[in-house]
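Asker: Model the structure of this input:
(2 chains)
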Amino acid sequence: MLKILIPTLFLLPTTWLTSSKWLWPTALTQSMLIALGSITWLNNTTDTGWTALNSYIGTDPLSTPLLVLSCWLLPLMLLASQNHLSSEPMNRQRMYITLLATLQLFLILAFGATEMIMFYVMFEATLIPTLLVITRWGNQTERLNAGTYFLFYTLAGSLPLLVALLMLQNSTGTLSLLIIPYAKPLLLMPFGSKIWWAACMIAFLVKMPLYGMHLWLPKAHVEAPVAGSMVLAAVLLKLGGYGMMRLMIVLDPLSKEMVYPFIVLALWGVIMTGSICLRQTDLKSLIAYSSVSHMGLVAGGILIQTPWGFTGALILMIAHGLASSALFCLANTNYERTHSRTMLLARGLQIALPLMTTWWFIASLANLALPPLPNLMGELMILTSLFNWSAWTLILTGIGTLITAAYSLYMFLMSQRGPLPQHMLALPPSYTREHLLMALHLIPLLLIILKPALLWGWFAC
Amino acid sequence: MLSRFTRLGTTLPRILANSGVRFVSQSQKSASAGSATLSELLPPQDSHDHGEVNHYVKNPDYHGFSTDPVVDQWNMRLAFFFGVSVVLVIGGTFIHYLPDYGMRQWARREAERLLKHREAKALPLIAEDYYDSSKIVLAAAGED
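Answerer: Coordinates of the predicted model:
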């Protein structure tokens, strides 16, 4: 663990002490070496599940894929941001990389935490760099509103979580994830225990986000700069899913009745946000709502509490992280050329930028869950476990899958096909950097097809 | 016709396009008029580069990293080497050779081996009872 944490921590002196000419190559190289080190976590050596274990941090098959995803995302964020930051003063560029590196640090500590209060503190800590990135580097005036929504939605959800965790600590004496599965369940009066269940879950449901508490997401994703959108979509949403999966163990007898409204809300959200996607004019907003849609399915998979549901949720989280981040990078390539997110203004790009169309195509196919990509595998497992619980969910998930395919196709056709607008005949061609960025997103996604057992979480054995 | 000028860069066709008829205001210029033409809202900004610079003019081998050609090339090399050759290839090899976690691949091979053996010997492929039926103790019919 330290071989990753120390280089990440020392990314901060690197950004401030490197000369301005070599800042970005150096930060990129260091973050890629950190990503290489993070791959060693995929080697789960122990039968108990917890590898790299010490008093504070450990990894297990659930947190490992998410950790690798977080570590891989930092070099991709640096690649994506290099161009739009190049015109800014050096100190602001260094500050930006510093914020991304501290976010990375908090994320590693959050996913690796074995004690729930540490997880909680890191969960909250990730809000600060993200808020700074959205509000200080966003491009429109709405970024302040977006930052406010982002911060206060999550905080409002997480304050009850703190109280709930402290109550659990009081009764059990420990909040260590290694011990808590074997502790006595928290016994309160019937209504009190329902409130306690809700207090535990609401923070993560807001973060995922669950439809109904999702309003912060389109704002935050749209107003954030590309690296902010990437990390939000790829990793921060998964913090919510991860937290739910960890906490489900202690909530056990209560969850049988309590999950019912939330599963229904999640599935309804899949359809509703999918339909909203079909009516979007703003490209980033479309991708943001598609994130809510996919995360609704993940929430359904986690709340159903079956092995296949959990496994499907984890696979879909990783696959969606890569695909959604890829789509935000593609949207950014459009934005850097046209300075607009309106889809109508950037149509017919296949004629102007044909190589980028390949990446648009693969990313759209990943988004609509084409087999044999892991996106489909995750969705199928969740679909099946929901069907096993209640046959009626098939209607909701089936329509949801159909709408997902529809809006992914719509996004591809709107941006790539059709006539090229007259005002856009002189677009700079795609840069090597952009192609590399897309390749580094989508090649891991394709490689996961060859070894999906990496993402099966606890149920790989 | 204007598209032919794109070979010279992006500024010339834009100037020619901007001087066209589209940007002549047709409305009355009075204080009470609520409408405004595009040219009043967005005056043409020539001094404000903001991404309109075509980097390929100065550096035909521009990779998208930096305006300095040396840094640009080295950045590209580092990004590709560490991104592809190190992480994807070496990391991928590491992942490929990870041990068989939870003995899943062993279980599959063992099952196939047993099946092959039993098919060859014409033995039943799998025992119908999961538990040994001689060890199950059932209560007698009349007892409670």
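Asker: Show me the shaky parts of chain B.
Answerer: Applying pLDDT under 70 to chain B flags the ranges B:1-51, B:143-144.
Asker: which parts of the longest helix anywhere in it are buried?
Answerer: In chain B, taking DSSP state H as the definition, the longest helix is helix B:104-121. Across helix B:104-121, burial judged by 16 or more other C-beta atoms under 10 Å in any protein chain shown covers no residue at all. Any C-beta I mention is one placed from the backbone N, CA and C, and that applies to glycine too.
Asker: anything in it near chain A?
Answerer: Yes - counting by C-beta under 8 Å from any C-beta of the partner chain, chain A is contacted by helix B:104-121 at B:Arg104.
Asker: A:Ile34 is in contact with B:Val87, correct?
Answerer: No - checked against C-beta atoms under 8 Å, the pair B:Val87 and A:Ile34 is beyond contact range at 9.9 Å.
Asker: can you pull out the strands in chain A?
Answerer: Under the criterion DSSP state E, chain A contains no strands.
Asker: Mark out where each domain of it begins and ends.
Answerer: Per the record, chain A has its domains at A:1-44+A:51-252, A:257-460, by the TED database.
Asker: now those as a markdown table including distance to chain B and mean pLDDT?
Answerer: Shown next, in a markdown table, are these (distance: least, C-beta to the nearest C-beta, whole Å; pLDDT from 0 to 100):
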| stretch | distance to chain B | mean pLDDT |
| --- | --- | --- |
| domain A:1-44+A:51-252 | 4 | 94 |
| domain A:257-460 | 3 | 93 |
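Asker: can you redo these as TSV with mean neighbour count?
Answerer: TSV is the format used below for the domains of chain A (neighbours: other C-beta atoms under 10 Å in any protein chain shown):
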stretch	mean neighbour count
domain A:1-44+A:51-252	20
domain A:257-460	21
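Asker: Just put the ones you listed in TSV and tack on distance to B:Asn59.
Answerer: What follows is the domains of chain A, written out as TSV (distance: least, C-beta to C-beta, whole Å):
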stretch	distance to B:Asn59
domain A:1-44+A:51-252	14
domain A:257-460	11
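Asker: need the helices for chain B, in chain order.
Answerer: B:11-18, B:38-41, B:55-58, B:69-80, B:92-96, B:104-121.
Asker: residues contacting the closest residue to A:Ile399 other than its chain neighbours?
Answerer: Nearest non-adjacent residue to A:Ile399, counting by C-beta to C-beta, 6 or more residues apart in numbering or on different chains: A:Ile271, 5.6 Å away. Residues near A:Ile271 by C-beta atoms under 8 Å, 6 or more residues apart in numbering or on different chains: A:Leu396, A:Ile399, A:Gly400, A:Ile403.
Asker: let's see 10 Å
Answerer: Counting by C-beta atoms under 10 Å, 6 or more residues apart in numbering or on different chains, A:Ile271 touches A:Tyr211, A:Ser293, A:Gly296, A:Ile395, A:Leu396, A:Thr397, A:Gly398, A:Ile399, A:Gly400, A:Leu402, A:Ile403, A:Thr404.
Asker: Now do the contacts for residue 85.
Answerer: Let's take chain A. A:Trp24, A:Leu78, A:Arg92, A:Gln93, A:Arg94, A:Tyr96, A:Ile97, A:Trp137, A:Pro225, A:Val226, A:Ala227.
Asker: And A:Glu257, by the same measure?
Answerer: A:Glu257 neighbours (C-beta under 10 Å, 6+ apart): A:Lys194, A:Trp197.
Asker: what do you get for the one 4 residues further on?
Answerer: Neighbouring residues of A:Pro261 by C-beta under 10 Å, 6+ apart: A:Gly212, A:Leu303.
Asker: run the last query once more with 6 Å
Answerer: Neighbour list for A:Pro261: empty [criterion: C-beta atoms under 6 Å, 6 or more residues apart in numbering or on different chains].
Asker: Could you verify my assumption that A:Gly49 touches A:Gly58?
Answerer: No - taking C-beta atoms under 6 Å as the definition, A:Gly49 is not a contact partner of A:Gly58, at 9.0 Å.
Asker: if we look at the sheet, which residues does A:Ser176 bridge to?
Answerer: A:Glu115 (DSSP bridges).
Asker: ok, it to A:Leu440 distance?
Answerer: 36 Å (C-beta to C-beta, to the nearest Å).
Asker: again, but for A:Trp22
Answerer: Applying C-beta to C-beta to A:Trp22 and A:Leu440 gives a distance of 21 Å.
Asker: swap in A:Met381?
Answerer: 26 Å.
Asker: A:Gly228 now?
Answerer: 18 Å.
Asker: can you list the residues of chain B near chain A?
Answerer: Contact residues (C-beta under 6 Å from any C-beta of the partner chain) of chain B with chain A: B:3, B:6, B:10, B:54, B:63-65, B:71, B:75-76, B:78-79, B:82-83, B:86-87, B:91, B:94-95, B:98, B:101-102.
Asker: Repeat the analysis, applying 7 Å as the threshold.
Answerer: Residues of chain B that fall close to chain A, judged by C-beta under 7 Å from any C-beta of the partner chain: B:3, B:6, B:10, B:13, B:51, B:54, B:63-65, B:68, B:71, B:74-76, B:78-80, B:82-83, B:86-88, B:90-92, B:94-95, B:98, B:101-102, B:104.
Asker: Can you go through the residues you listed and name the buried ones?
Answerer: Applying 16+ other C-beta under 10 Å to the residues of chain B next to chain A flags B:10, B:13, B:63-65, B:71, B:74-76, B:78-80, B:82-83, B:86-88, B:91-92, B:95, B:98, B:101-102 as buried.
Asker: circling back to that earlier point, can you pick out the most distant pair from the contacts of A:Leu85?
Answerer: For the contacts of A:Leu85, the farthest-apart pair by C-beta to C-beta is A:Arg94 and A:Val226; their separation is 18.0 Å.
Asker: Mind jotting down where the helices sit in the stretch 1-150 of chain A?
Answerer: Taking DSSP state H, counting those that start in this stretch, the helices of the stretch 1-150 of chain A run over residues A:2-9, A:11-17, A:23-39, A:63-85, A:90-112, A:116-125, A:127-137, A:143-172.
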